[in-house]
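Engineer: Coordinates only, no sequence provided:
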C-alpha cells in the first residue's frame, strides 16, 4: 500500500532564556513516528499539551521561534520535506498539502471576498486563467455542500455562519487537489449536525482515492467513527499507533486504556480505569525513563530509568511500553 506520509524521530524544542539570562530548552516533541497510507484517515489523539498540533506545525514547516525542529525525517510521497528549501516547501503548502484549522477566522482574510480568495489560492500554485479558476472555485464550493455557490463567491467572510465558513476553508484546502489533507480540530465550536457534515465530507473526499488525511482531535468518538488508524500521543511521543479497531478494543499502552476509560460511560464494566488528575511532565526537565511512569498504574523500577524502546513496525500495533 502506498504511503502518503512517513515521519520518523521528529523532535521539536522551545529554546528561551530565563530571568537570569540562562538558556532553557523545553523538549516538546521527543521522537514522533507516524505513517499514513493512501486512502486512509489517521486520527491523532491525546490530552492538551501532548504535542498534537505542534506535530502538524513541524510537518508543515510553519514553526515560529522559539520553536525549532532539531531532528527527524518527514517524507511526503517519497520526498523529504525536512531538507527541502523554504521556497519549494512553500509551494507544497496549499497545493500538495491542504490545511483545515479549528477556527476559519484564522484562514479567511476578512478583507477579501470568498471567491477572490479561492481564485488567488489557485493562481498562486498553478498556471490557470482567472475565469477557469472561478469556475473551479464554484464547483469546489458546490462539492463541499455550500448552497448557491455563485452567490457565496461574492460573500465576505463575516457574512458566513460558522459551519459555512468551515466549508469554505475545506474548499480552500482541497482546491488544488492536495495529496495530504490535515484537519486540526476542524469541528471545534460547531453544533453536532454541522460536525457530522464536515467529517462526512472529509471521509468522502479521501476514501478510495490516492489522498490521505490526518484529523487532530480530543474526541475519541470522532476517531472511532471516521479514522482507520489512530496515533495516541503523550508528552511529545506517540505511545501507541495502529488500526482503530485493535487499539480501541485492546489497548496495549496504559495511557491509551486510561484515555478510553475517561471517555467510556461504562468504564467499570470494561475494567478500565481513568487516570487520576496529575501534572504532565515538565518539558524543561523530562524524566530519564518512561515519560508516563509517574502516572502509570503498571509502573516497575525499569520504567523510571530506561525509556521504552522505539517500536518495530513489524506488527499492526506499535506500542512504546516495557510491558505492552
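Structural biologist: That came through, no problem. Everything numeric here is computed off the predicted structure, so don't read it as measured data. Numbers count the residues shown, from 1 in each chain.

Engineer: going forward, measure contacts between C-alpha atoms and count neighbours the same way
Structural biologist: Will do.

Engineer: distance of the residue nearest to the spatial centre of the chain from residue 227?
Structural biologist: Note on the chain: the residue nearest the mean C-alpha position is residue 216, at 3.8 Å, using Cα atoms, centre = their mean. Distance, residue 216 to residue 227, by Cα to Cα, to the nearest Å: 11 Å.

Engineer: now the helices for the stretch 201-324 of the chain?
Structural biologist: 220-226, 244-249, 254-263, 267-270, 301-305 (DSSP state H, counting those that start in this stretch).

Engineer: Can you redo those helices as CSV, where the extra columns are mean neighbour count?
Structural biologist: Shown next, in CSV, are the helices of the stretch 201-324 of the chain (neighbours: other Cα atoms under 10 Å):
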stretch, mean neighbour count
helix 220-226, 17
helix 244-249, 18
helix 254-263, 20
helix 267-270, 11
helix 301-305, 15
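
Engineer: any low-confidence regions in the stretch 1-150 of the chain?
Structural biologist: 1 (pLDDT under 70).

Engineer: the strands in it, which residues?
Structural biologist: All strands of the stretch 1-150 of the chain, identified by DSSP state E, counting those that start in this stretch, fall at 3-17, 23-37, 41-45, 67-76, 79-80, 97-100.

Engineer: Could you list the paired strands of the shortest one along with their orientation?
Structural biologist: Partner strands for strand 79-80, per DSSP bridges, with pairing direction: strand 67-76 (antiparallel).

Engineer: Any buried residues in the partner strand, and which?
Structural biologist: 67-69, 71-76 (16 or more other Cα atoms under 10 Å).

Engineer: Is the residue nearest to the centre of the chain in contact with residue 183, as I believe?
Structural biologist: Yes - here residue 216 reaches residue 183: they are 6.2 Å apart, a contact under Cα atoms under 8 Å.

Engineer: rewinding a little: out of the strands of the stretch 1-150 of the chain, which comes closest to residue 300?
Structural biologist: The closest of these to residue 300 is strand 23-37. By Cα to Cα, the value is 21.8 Å.

Engineer: mean confidence score for stretch 234-254?
Structural biologist: For stretch 234-254, mean pLDDT is 95.

Engineer: Same check on stretch 157-171?
Structural biologist: 90.

Engineer: Okay, strands next: where are they in the stretch 151-300 of the chain?
Structural biologist: Using DSSP E, counting those that start in this stretch, strands in the stretch 151-300 of the chain cover 180-184, 212-216, 229-234, 237-243.

Engineer: will you turn those strands into a markdown table that also has distance to residue 112?
Structural biologist: Output for the strands of the stretch 151-300 of the chain, formatted as a markdown table (distance: least, Cα to Cα, whole Å):
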| stretch | distance to residue 112 |
| --- | --- |
| strand 180-184 | 23 |
| strand 212-216 | 28 |
| strand 229-234 | 37 |
| strand 237-243 | 40 |
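
Engineer: and the gap between residue 260 and residue 126?
Structural biologist: 44 Å.

Engineer: Quick check, residue 297 in contact with residue 253.
Structural biologist: No - applying Cα under 8 Å, one finds residue 297 not in contact with residue 253, separated by 10.8 Å.

Engineer: Between the two, which is the more surrounded one?
Structural biologist: residue 253 (23 against 13; other Cα atoms under 10 Å).

Engineer: Tell me which residues touch the more buried one, please.
Structural biologist: Contact analysis of residue 253 by Cα atoms under 8 Å, 6 or more residues apart in numbering lists 239-240, 319-321, 324.

Engineer: closest to residue 174 among these?
Structural biologist: residue 240 (29.6 Å).

Engineer: I'd say the closest one and residue 319 touch.
Structural biologist: Yes - if you go by Cα under 8 Å, residue 240 and residue 319 touch, sitting 4.4 Å apart.

Engineer: Between those two, which contacts overlap?
Structural biologist: If you check residue 240 and residue 319 against Cα under 8 Å, 6+ apart, the residues they both contact are 252-253.

Engineer: Skipping its backbone neighbours, what lies nearest residue 9 in space?
Structural biologist: In this structure, residue 9 finds its nearest non-sequential neighbour in residue 31, 4.0 Å apart by Cα to Cα, 6 or more residues apart in numbering.

Engineer: coming back round to it: reformat the strands of the stretch 1-150 of the chain as TSV; add distance to residue 201.
Structural biologist: Formatted as TSV, these follow (distance: least, Cα to Cα, whole Å):
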stretch	distance to residue 201
strand 3-17	20
strand 23-37	19
strand 41-45	12
strand 67-76	23
strand 79-80	28
strand 97-100	13
